[in-house]
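A.B. asks: starting from these lines, generate the structure:
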Amino acid sequence: MAGGTRLWRLATVGAACLSSSTAILAPVAAQAGTPILTSLQSNSELAEGYRLASGDKLKITVFDEPTLSGEFAIGVNGDITMPLVDPIRGAGQTSKALAKIIADRLAAGQYVLNPRVSVEVLEHRPFYILGEVNKPGEYPYSGDLTFEQAVALAGGFTPRANKKVILMRREGWASAKRIKLDGPALKVAPGDTITVRESFF
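C.D. replies: The predicted structure is shown next:
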C-alpha cells in the first residue's frame with residue numbers, strides 16, 4: 001500500500017511539472033508560427049515614404065489661396081474634408097501624392113487656376129509599446145524614431161525582457177510579426193504596436 005501511495009505521489013508531481021512546463025512553453029510555441037523579419041527587412045518597408053493614416057494632422061497650403069489653406073485631420077474613415085471639393089482619401093497616400101490629388105481636384109472643378117499645393121504632417125498618430133517595459137502604453141510619435149528610443153520613452157526594459165526578438169503589428173500587415181533585433185537600428189512607424197515579450201531562456 002505504501003509503495004502504491006509513493007507511486008501515486010510521484011505521478012502527481014510529474015504531471016504538475018509537465019503542466020507547468022507546458023504553460024511556460026505555450027507562449028513560445030504560439031510565437032513559433034509567427035512570421036519573422038530582420039530589422040533590415042522591416043526598415044526596408046518604410047523606404048517608400050511615410051503613408052498617411054487616420055489620426056494624422058496635416059497642414060495643407062494652397063498657394064495664394066488662404067481660404068483653402070489650413071490644418072486638417074484625416075478622419076476615422078481615412079478621408080480629409082476641405083472647402084469646395086468632395087472628401088479626399090488621405091489614408092495610404094504620401095504627402096506628395098496627396099498634394100497632387102488635391103491640386104488635381106481643385107483644377108478639375110475650376111476653382112483655382114494652376115493650383116500649387118503642399119502637404120506637411122504636423123502631428124503623427126501615436127505608437128504603442130507593451131509588455132516587458134516599465135511604462136507600457138501609448139506615446140506620441142516623432143520623426144525617425146528607433147526601437148531603442150521607443151523603449152527609453154517607456155522607461156526602459158524590465159529585467160525579464162527579451163531583448164533579441166520582439167513582436168510588432170504594423171498598419172498594413174495582416175498580422176503581427178516577430179522582428180529579430182540584429183543589424184541596423186529598427187525603425188518605428190506611427191501606429192506601430194510593439195510588444196516586448198518575456199525571455200524564458
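
A.B. asks: now the element after the worst-scoring helix or strand of the chain on mean pLDDT, going C-ward?
C.D. replies: Using mean pLDDT, DSSP states H and E, the weakest-scoring helix or strand in the chain turns out to be helix 2-32, at a mean of 43. Later in the chain than helix 2-32, the nearest helix or strand by DSSP states H and E is strand 36-38.

A.B. asks: could you list the buried residues of that following strand?
C.D. replies: L37 (16 or more other Cβ atoms under 10 Å). To be clear about C-beta, it is placed using only N, CA and C from the backbone, and glycine gets the same treatment.

A.B. asks: then stretch 37-56?
C.D. replies: 37, 39, 42-43, 51-56.

A.B. asks: and stretch 65-75, by the same measure?
C.D. replies: Using 16+ other Cβ under 10 Å as the test for burial, stretch 65-75 gives 65, 68-69, 72, 74.

A.B. asks: how about the residues you listed in JSON lines, adding secondary structure, distance to I179 and pLDDT?
C.D. replies: Converted to JSON lines, the buried residues of stretch 65-75 look like this (DSSP: H, G, I helix; E, B strand; the rest coil; distance: Cβ to Cβ, whole Å; pLDDT from 0 to 100):
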{"residue": "E65", "secondary structure": "coil", "distance to I179": "44", "pLDDT": "94"}
{"residue": "L68", "secondary structure": "coil", "distance to I179": "42", "pLDDT": "94"}
{"residue": "S69", "secondary structure": "coil", "distance to I179": "40", "pLDDT": "95"}
{"residue": "F72", "secondary structure": "strand", "distance to I179": "33", "pLDDT": "96"}
{"residue": "I74", "secondary structure": "coil", "distance to I179": "27", "pLDDT": "95"}
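
A.B. asks: which one of the residues you listed sits closest to K180?
C.D. replies: For the buried residues of stretch 65-75, the residue nearest K180 by Cβ to Cβ is I74; the value is 32.3 Å.

A.B. asks: check contacts around G183.
C.D. replies: By Cβ atoms under 8 Å, 6 or more residues apart in numbering, G183 lies in contact with 38-40.
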